[in-house]
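>>> Test case, fold it:
(chains A and B)
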2 protein chains.
Amino acid sequence: MTGRDGGADIGPIGNSPVVILVRPQMGENIGATARAMGNGGLFHLRLVAPRDGWPQERAWRTASGADRILEEATVFETVADAVADLHHVFATCPRPRHIVKTVLTARGAGTELRAICGRGLRVGLLFGPERAGLDNEDMARADALIRYPLNPDFMSLNLAQAVLIMAYEWWMATETSEPRFLMTNEAQVATKGELDNFMQHLTHDLDESGFLRNEQKRPGMVRNLRHLFERGEITEQELRTLHGVVTELSRVRKSRAKG
Amino acid sequence: MTGRDGGADIGPIGNSPVVILVRPQMGENIGATARAMGNGGLFHLRLVAPRDGWPQERAWRTASGADRILEEATVFETVADAVADLHHVFATCPRPRHIVKTVLTARGAGTELRAICGRGLRVGLLFGPERAGLDNEDMARADALIRYPLNPDFMSLNLAQAVLIMAYEWWMATETSEPRFLMTNEAQVATKGELDNFMQHLTHDLDESGFLRNEQKRPGMVRNLRHLFERGEITEQELRTLHGVVTELSRVRKSRAKG
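Below is the predicted model of the structure:
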C-alpha cells in the first residue's frame, strides 16, 4: 500500500479523547477526519463497522500526512465493543428528539473533556455515519450529547468538519495565547520617550515649514497628530523610518525653497 | 448552468464580515467555502482574480445548497479593489515572519468582528490561495492578522476549513446557549418531593424483601442509593419507570415466595 510511509510528526500523544466513527461510509472522509484530528491534537481513532472495510487506500490520500492516526486506528464490530474500555462517551448529534440527555455545546465539551482526561479517565466521542448520523441505540450509550451552535437556517457540516470543530475546541480548552497582541518579530516596541522625540522632530519641521503658523490652532493640531501616533504600539524601526520620512520631506522642501 | 436553482434559505443577511478569497485556485474550494460560511452566518463573498474565472459550475456542486452566497459573490482584479469600500481588513496567516502587525486569535477576532459590525463599519477577511497563502503585499493591506491556535506539530487546514473556524467563531461571539444543560424535550424534571416519594417506595420494598435487614448498615445503604439518584436531574417520566421497575420486581419476588 503506497502513501503509508510515515507521514508527519504529529506531536506527543497523551490521554486525549478517542474519536469513534460509527459506520463511516467513505474512506476519503476517514482520512479527512484524521487530518482534522491532528490539527486539534486528537490522535486516537476507532472505526465501528466501516462500510468498505479497513484499511482503505483512499483514507491515506486525504489525511495530509496524519498517517500515524490511520496506522493506529482500531476497528470494532459494534459501538458497545468500541466504548467498552472507556469511562465516558459523548455523542455528536445535531437535532435529537424525544431524548432526555445532558447536552453540551462543543465549547462546553472541550472544557469537560480536558477535566475528564486530566483525571486520567478515558473518554470517547461518537460521530455518526455521513447523512444518517447516529441512531437512537448509539445515542443511548452516551453520557451526553454535543451540540454545535451554528446558523440554524443553514447547518451543513460534513463528517471531517464536525470533527474539526470538536478538535479545535479540545485544543482551545487549554489555549492561553492572548486574543490580541502586537507581533513584533525581532523589532522592539518604542518607548514613550522615543515617540516623543519623533513628535518633537515632526513639530519642529512643521513649525519651520509654516504648517503650524496659526498659533491658535497649533496646540490642537499637534495634539491630533499625537493622538494618531499614540493609537497603537510603534516599533523602534518604524520610528526610525518616520524620522527618515520627515527629514527627507524637509530636505526636499528646503532645496526647493533654495532652488 | 445547472444546480443554480435557489438552494437553501440560509437566513437573514445583516452587516456581517465579507469573506475575500484571494486568487483561489479550485472551484470546489470556493463552493466548500460558501458552505462553511453559511454554517456560521457569513454571507458576503468576494473573489480576487480566481484562477479559473467565475462563475464555475464546480463551486455549486460543493456548496451544499449555499447557492445564494455564490450567486451574490463579486469578482475583483486586485486586493486593493476588493477592500476599497471596507473600513477594516483582517488577514488570515498561519506563520507570518518579519512583519510588525497586530495578531488576533480566531476567537479574539470573532469578538472584534462583532464589535466592528455593531458600529456599522464594514470589515473584510482575507484568505490566501491554496498552499501559497497570502503574499506580503496582501498582508500589508490588513489592520491585523488572524491566527488559529492549533497543534503546532500538525497544522493542516484547507481553505474551507480555515473559513469554517472563523465563521464558527463569528457565530459563537454572540452565542448565549449554556455550555451544559439537560435536554428534556417534552418531559418535566422531577421535584425533590417526587424523587423522595420514589426513595420511600424503594426503601419500603427493600425493607420488605429483607435487603436492608442489617440495622447498622441500613442508613448508609439508603444514603448511597439516594446519592446515586440525586446525581443528576431525573424526569417525571423516568421516575414513573423506576416506580414501575421496583413494583414489578417486588411482585415477582412476592409471587415466587408464594409459589
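>>> From here on, just use CA atoms for contacts and neighbour counts.
OK.
>>> near chain B at all, the top helix by length along chain A?
Scanning chain A for the longest helix, with DSSP state H as the assignment, gives helix A:236-258. No - using C-alpha under 8 Å from any C-alpha of the partner chain, helix A:236-258 stays clear of chain B, coming no nearer than 9.1 Å.
>>> Show me where chain A has its strands.
Along chain A, the stretches classed as strands by DSSP state E are A:18-22, A:44-48, A:74-76, A:88-92, A:101-105, A:123-127, A:144-147, A:180-183.
>>> Would you mind getting the angle between the second one and strand A:123-127?
Just to be clear, that refers to strand A:44-48. Relative orientation of strand A:44-48 and strand A:123-127, computed by axes from the mean of the first three to the mean of the last three C-alpha atoms, to 10 degrees: 50 degrees.
>>> if we can go back for a sec, just checking, what packs against the longest helix of chain A?
In terms of contacts (3 or more C-alpha pairs under 8 Å, 6 or more residues apart in numbering or on different chains; DSSP states H and E), helix A:236-258 is packed against helix A:192-209.
>>> picking up where we left off before, dump the strands of chain A to JSON lines, plus mean neighbour count.
Below are those laid out as JSON lines (neighbours: other C-alpha atoms under 10 Å in any protein chain shown):
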{"stretch": "strand A:18-22", "mean neighbour count": "25"}
{"stretch": "strand A:44-48", "mean neighbour count": "24"}
{"stretch": "strand A:74-76", "mean neighbour count": "17"}
{"stretch": "strand A:88-92", "mean neighbour count": "23"}
{"stretch": "strand A:101-105", "mean neighbour count": "22"}
{"stretch": "strand A:123-127", "mean neighbour count": "25"}
{"stretch": "strand A:144-147", "mean neighbour count": "24"}
{"stretch": "strand A:180-183", "mean neighbour count": "18"}
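>>> Using a markdown table, please lay out these together with distance to chain B and mean pLDDT.
A markdown table is the format used below for the strands of chain A (distance: least, C-alpha to the nearest C-alpha, whole Å; pLDDT from 0 to 100):
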| stretch | distance to chain B | mean pLDDT |
| --- | --- | --- |
| strand A:18-22 | 17 | 98 |
| strand A:44-48 | 15 | 98 |
| strand A:74-76 | 21 | 98 |
| strand A:88-92 | 12 | 95 |
| strand A:101-105 | 4 | 92 |
| strand A:123-127 | 16 | 97 |
| strand A:144-147 | 9 | 93 |
| strand A:180-183 | 4 | 86 |
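>>> okay, those strands in CSV with distance to A:Arg58 next?
Converted to CSV, the strands of chain A look like this (distance: least, C-alpha to C-alpha, whole Å):
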stretch, distance to A:Arg58
strand A:18-22, 16
strand A:44-48, 15
strand A:74-76, 17
strand A:88-92, 25
strand A:101-105, 32
strand A:123-127, 20
strand A:144-147, 29
strand A:180-183, 40
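>>> Nearest to B:Glu186 among these would be which one?
Closest of these to B:Glu186 is strand A:101-105, at 12.2 Å (criterion: C-alpha to C-alpha).
>>> So in that sheet, which strands flank the closest one, and in what orientation?
In the sheet, strand A:101-105 lines up against strand A:144-147 (parallel), strand B:180-183 (antiparallel) (DSSP bridges).
>>> a markdown table for the ones you listed, including distance to A:Arg68?
What follows is the strands paired with strand A:101-105, written out as a markdown table (distance: least, C-alpha to C-alpha, whole Å):
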| stretch | distance to A:Arg68 |
| --- | --- |
| strand A:144-147 | 26 |
| strand B:180-183 | 33 |
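>>> Between those, which one is closest to A:Pro24.
Of these, nearest to A:Pro24 by C-alpha to C-alpha is strand A:144-147, at 18.7 Å.
>>> Quick one: mean pLDDT for the longest helix of chain A?
Mean pLDDT, helix A:236-258: 90.
>>> Flag every buried residue along it.
By neighbour count on 16 or more other C-alpha atoms under 10 Å in any protein chain shown, the buried set for helix A:236-258 is A:Glu236, A:Leu239, A:Leu242, A:His243, A:Val246, A:Ser250.
>>> Skip the chain neighbours and tell me the closest residue to the third one.
Beyond its immediate neighbours in the sequence, the residue positioned closest to A:Leu242 (C-alpha to C-alpha, 6 or more residues apart in numbering or on different chains) is A:Phe198, lying 7.7 Å away.
>>> Correct me if wrong: the one you found contacts A:His243.
Yes - counting by C-alpha atoms under 8 Å, A:Phe198 does reach A:His243; the two are 6.4 Å apart.
>>> how about the residue nearest in space to the middle of chain A, what does it touch?
Centroid check for chain A by C-alpha atoms, centre = their mean gives A:Tyr168 as the closest residue, at 5.9 Å. Counting by C-alpha atoms under 8 Å, 6 or more residues apart in numbering or on different chains, A:Tyr168 touches A:Asn39, A:Gly40, B:Leu150.
>>> Repeat the analysis, applying 7 Å as the threshold.
Contact analysis of A:Tyr168 by C-alpha atoms under 7 Å, 6 or more residues apart in numbering or on different chains lists A:Gly40, B:Leu150.
>>> What pLDDT is listed against it?
pLDDT recorded at A:Tyr168 is 98.
>>> likewise A:Asn15?
89.
>>> cool, and A:Gly133?
At A:Gly133, the pLDDT value in this model is 88.
>>> And for A:Gly3?
On pLDDT, A:Gly3 comes in at 39.
>>> next one: the one 4 residues further on
The pLDDT attached to A:Gly7 in the predicted structure is 73.
>>> how many neighbours does the closest residue to it other than its chain neighbours have?
Closest residue in space to A:Gly7, ignoring its immediate chain neighbours: A:Gly65 at 4.3 Å, by C-alpha to C-alpha, 6+ apart. By the criterion of other C-alpha atoms under 10 Å in any protein chain shown, A:Gly65 has 24 neighbours.
>>> A:Glu233 too?
A count of nearby residues for A:Glu233, using other C-alpha under 10 Å, gives 19.
>>> what's the answer for A:Ala66, then?
Neighbourhood size, A:Ala66 [other C-alpha under 10 Å]: 28.
>>> which ones are touching the closest residue in space to it that isn't next to it in sequence?
Leaving aside its sequence neighbours, A:Ala66 sits nearest to A:Arg35 (C-alpha to C-alpha, 6+ apart; 5.4 Å). Going by C-alpha under 7 Å, 6+ apart, A:Arg35 touches A:Ala63, A:Ser64, A:Ala66.
>>> any chance of those residues in a markdown table, with pLDDT too?
Converted to a markdown table, the contacts of A:Arg35 look like this (pLDDT from 0 to 100):
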| residue | pLDDT |
| --- | --- |
| A:Ala63 | 97 |
| A:Ser64 | 95 |
| A:Ala66 | 96 |
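>>> Same list (these) but as CSV, adding distance to A:Leu212.
What follows is these, written out as CSV (distance: C-alpha to C-alpha, whole Å):
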residue, distance to A:Leu212
A:Ala63, 63
A:Ser64, 61
A:Ala66, 63
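>>> Which of these fall in helices?
Going by DSSP H, the helices hold none of the contacts of A:Arg35.
>>> Please name the bridge partners of A:Leu145.
As for beta bridges, A:Leu145 partners with A:Ala91, A:Val103 under DSSP bridges.
>>> Give me the distance between it and A:His88.
To A:His88, A:Leu145 is 11 Å away according to C-alpha to C-alpha, to the nearest Å.
>>> again, but for A:His204
Distance, A:His204 to A:His88, by C-alpha to C-alpha: 70 Å.
>>> Show me which residues of the stretch 1-150 of chain A sit near chain B.
The stretch 1-150 of chain A has residues A:9-11, A:38-41, A:97-105, A:107-108, A:150 near chain B, with proximity defined as C-alpha under 7 Å from any C-alpha of the partner chain.
>>> buried subset of those residues?
For the residues of the stretch 1-150 of chain A next to chain B, buried by 16+ other C-alpha under 10 Å: A:10, A:38-41, A:100-105, A:107-108, A:150.
>>> of all the residues you listed, which two lie farthest apart?
Largest separation among those by C-alpha to C-alpha: A:Ile10 and A:Val100, giving 38.1 Å.
>>> who in the stretch 151-259 of chain A is up against chain B?
Contact residues, the stretch 151-259 of chain A versus chain B (C-alpha under 7 Å from any C-alpha): A:151, A:153-156, A:168, A:171, A:179-185.
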